[in-house]
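**Q** for reference, the sequence and a predicted model appear below.
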Amino acid sequence: MKQLATLLSLAFLLMIFNPGKTYTQTIDTLIDVGSYKLHFHIVKGQGMPILFEAGGGDNGTVWNNLLKPIADITDAPLMAYDRAGFGQSGLDTNKHGILNGITGLETALRKLGYSGNIMLVAHSQGALYSTLYAYRHPDKVKTVVLIDGSTGCWFNEKRLAVIQRGNDVDKQKFKSTKPGLYYQLVDLTSNVNFINKISFPATIPVIDFVSENPPFNDTVEINDWKQCHHEFVNGSINRTGITAYGCGHYIFEDNPSLVINAIVKAYSATLDNNQKNKVLSKAVAFSVDASNEAKKAEVLYRHSEDDLNSWGYLLLKQGKMQNALEVFKLNVILFPKSWNVYDSYGEILLKNGQKEEAIKMYQKSVELNPKSENGKKVLEELLKP
């Protein structure tokens with residue numbers, strides 16, 4: 001299943017790197033929200049913006065592969081930001097926790113000119129933040145997509161106490177190096193208790209994804225996670241639940257086209273008929289491309305390492321360096337005992353200026369085949385002082 005997910009992700013990457021598509025203008029900016037600054041990566045567009053809320057421990061870059069296709073289809077402004085203490089965002093150690101996080105976000109959106117109607121997309125613990133934002137702005141939040149989101153329901157009193165004890169042990173190693181993660185661990189109980197005192201507005205349409213394989217080893221935790229999602233969806237006729245079969249916690253990585261189509265569907269429902277038809281027309285074209293690329297990946301999966309190598313070199317000849325790198329990387333994943341795939345991947349990494357990574361590949365190749373004179377010769381040159 002993991003290999004198939006890798007193949008589907010490869011197909012998706014090949015599609016979004018299609019040189020025939022236009023690239024939307026993007027900006028990165030730091031917004032002063034009082035005692036610290038929040039970093040935003042913004043894809044410019046028109047109409048209602050879409051805000052992406054990352055999961056616990058992640059920053060806004062986790063959404064990078066989704067932004068371009070969503071922008072191409074919707075033409076909407078997209079915003080992926082780093083919560084306080086993560087990525088390039090600052091942090092006020094005297095003002096942390098979920099409420100301070102949301103007030104900082106509200107300030108930033110107002111300064112950016114995006115404090116009106118908005119769509120929210122959230123993953124994991126990011127769902128707690130989106131819940132609070134929706135609660136505070138029920139008239140402005142027009143639709144939401146939650147991706148294996150954390151729920152206050154799942155953090156029952158006993159489970160929360162156990163997790164918090166573990167957090168209290170782990171937090172010290174992050175205090176100086178990862179302040180965002182440190183305060184995330186510190187604030188978990190207060191954040192969950194805060195969320196459990198409010199409710200997600202029943203009037204807001206929601207698409208709620210739950211993974212088939214939640215990120216737990218305990219059967220009770222897995223069943224409770226799914227049950228809590230089920231109860232949330234049943235709490236309003238405006239909510240639609242989707243089980244992402246074959247996917248782990250990062251559904252948008254395991255099946256990106258599924259998540260993209262859901263986001264587009266939710267967004268299009270907020271538009272007038274003319275705008276909606278334009279977006280859905282683009283969405284259909286995207287779905288056809290995604291399906292075709294996935295089929296290509298299935299064919300690819302049945303081919304040998306030599307077939308993949310040939311395809312990689314063909315892409316290189318066509319000037320598609322990034323696509324070629326993905327193919328050679330896939331070959332290493334699928335055939336980890338072949339010295340030749342490491343040799344080829346090392347060659348392409350070197351052509352792309354990634355010397356240190358190329359050295360690792362050549363070393364692995366020579367380790368698997370000590371008789372590889374070419375590999376030893378290249379390594380000797382690369383390792384010269």
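**A** Thanks, I have it. Residues are numbered from 1 along each chain as shown.
**Q** tell me the domain ranges of this protein?
**A** The domain map for the chain lists 2-290, 304-382, with the assignment taken from automatic domain parsing.
**Q** chain center to the longest one, what's the gap?
**A** Counting by C-alpha atoms, centre = their mean, to the nearest Å, domain 2-290 is centred 9 Å from the centre of its parent chain.
**Q** need the domains of the chain in a markdown table (columns: mean neighbour count and mean pLDDT).
**A** (C-beta placed from N, C-alpha, C; glycine too.) What follows is the domains of the chain, written out as a markdown table (neighbours: other C-beta atoms under 10 Å; pLDDT from 0 to 100):
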| stretch | mean neighbour count | mean pLDDT |
| --- | --- | --- |
| domain 2-290 | 18 | 90 |
| domain 304-382 | 17 | 87 |
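**Q** in the chain, which spans are strands?
**A** With DSSP state E as the criterion, the chain has strands at 26-32, 37-43, 50-53, 78-82, 118-123, 141-147, 206-211, 239-244.
**Q** tell me what angle the second one forms with strand 26-32.
**A** Put plainly, it is strand 37-43. 160 degrees (axes from the mean of the first three to the mean of the last three C-alpha atoms, to 10 degrees).
**Q** what's the angle from strand 37-43 to strand 78-82?
**A** 150 degrees.
**Q** follow-up on the earlier one: and the strands of the chain: which comes nearest residue 156?
**A** Closest approach to residue 156 among these (C-beta to C-beta): strand 206-211, 17.5 Å.
**Q** partner strands of that closest one, with direction?
**A** Applying DSSP bridges, strand 206-211 is found paired with strand 141-147 (parallel), strand 239-244 (parallel).
**Q** can I get that strand in CSV? Just the C-alpha atoms.
**A** Output of strand 206-211 as CSV, limited to C-alpha atoms (Å, rounded to 0.1, in the frame of the first residue of the first chain):
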residue,chain,number,x,y,z
VAL,A,206,-18.2,20.9,6.4
ILE,A,207,-16.5,18.0,4.6
ASP,A,208,-14.9,15.9,7.3
PHE,A,209,-12.3,13.4,6.2
VAL,A,210,-11.3,10.5,8.5
SER,A,211,-8.4,8.2,7.5
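**Q** as TSV, the strands of the chain with distance to residue 230 would be great.
**A** Converted to TSV, those look like this (distance: least, C-beta to C-beta, whole Å):
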stretch	distance to residue 230
strand 26-32	38
strand 37-43	34
strand 50-53	22
strand 78-82	29
strand 118-123	18
strand 141-147	13
strand 206-211	8
strand 239-244	7
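**Q** residue 173 is nearest to which of the ones you listed?
**A** strand 78-82 (20.8 Å).
**Q** contacts for the closest one, please.
**A** Contact partners of strand 78-82, identified using C-beta atoms under 8 Å, 6 or more residues apart in numbering, comprise 38-43, 45, 49-52, 54, 59-64, 67, 70-71, 88-89, 105, 108, 112, 114.
**Q** again with stretch 352-370
**A** The contact list for stretch 352-370 (C-beta under 8 Å, 6+ apart) reads 321, 325, 332, 337-340, 342-343, 345-347, 349-350, 372, 375-376, 378-379, 382-383.
**Q** quick one: residues contacting the nearest residue to residue 238 once chain neighbours are set aside.
**A** Leaving aside its chain neighbours, residue 238 sits nearest to residue 205 (4.7 Å; criterion: C-beta to C-beta, 6 or more residues apart in numbering). Going by C-beta under 8 Å, 6+ apart, residue 205 touches 142-144, 238-240, 266, 269.
**Q** residue 205 and residue 142, how far apart?
**A** Note on residue 205: its distance to residue 142, by C-beta to C-beta, to the nearest Å, is 8 Å.
**Q** ditto for residue 27
**A** As for residue 27, its distance to residue 142 is 24 Å (criterion: C-beta to C-beta).
**Q** and residue 82, by the same measure?
**A** 24 Å.
**Q** also residue 341?
**A** Distance from residue 341 to residue 142, by C-beta to C-beta: 48 Å.
**Q** report the contact partners of residue 279.
**A** 73-75, 264, 267-268, 271.
**Q** dump these into a markdown table; add distance to residue 161 as well.
**A** Rendered in a markdown table, the data for the contacts of residue 279 read as follows (distance: C-beta to C-beta, whole Å):
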| residue | distance to residue 161 |
| --- | --- |
| 73 | 44 |
| 74 | 43 |
| 75 | 47 |
| 264 | 41 |
| 267 | 39 |
| 268 | 43 |
| 271 | 45 |
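**Q** out of those, which is nearest to residue 317?
**A** residue 73 (30.9 Å).
**Q** the residue lying closest to the closest one once chain neighbours are set aside and residue 240, how far apart?
**A** Spatially, and ignoring its direct neighbours in sequence, residue 73 is nearest to residue 282 (4.4 Å; C-beta to C-beta, 6+ apart). Between residue 282 and residue 240 the computed distance is 22 Å (C-beta to C-beta).
**Q** so how far is residue 340 from residue 97?
**A** Counting by C-beta to C-beta, the gap from residue 97 to residue 340 is 54 Å.
**Q** where along the stretch 1-150 of the chain do the helices fall?
**A** For the stretch 1-150 of the chain, the helices defined by DSSP state H, counting those that start in this stretch occupy 2-16, 64-74, 98-112, 126-136.
**Q** which of these sits closest to residue 314?
**A** helix 2-16 (12.6 Å).
**Q** residue 259: what's it in contact with?
**A** Here residue 259 is in contact with 66, 145, 147, 209, 251-252 (C-beta under 8 Å, 6+ apart).
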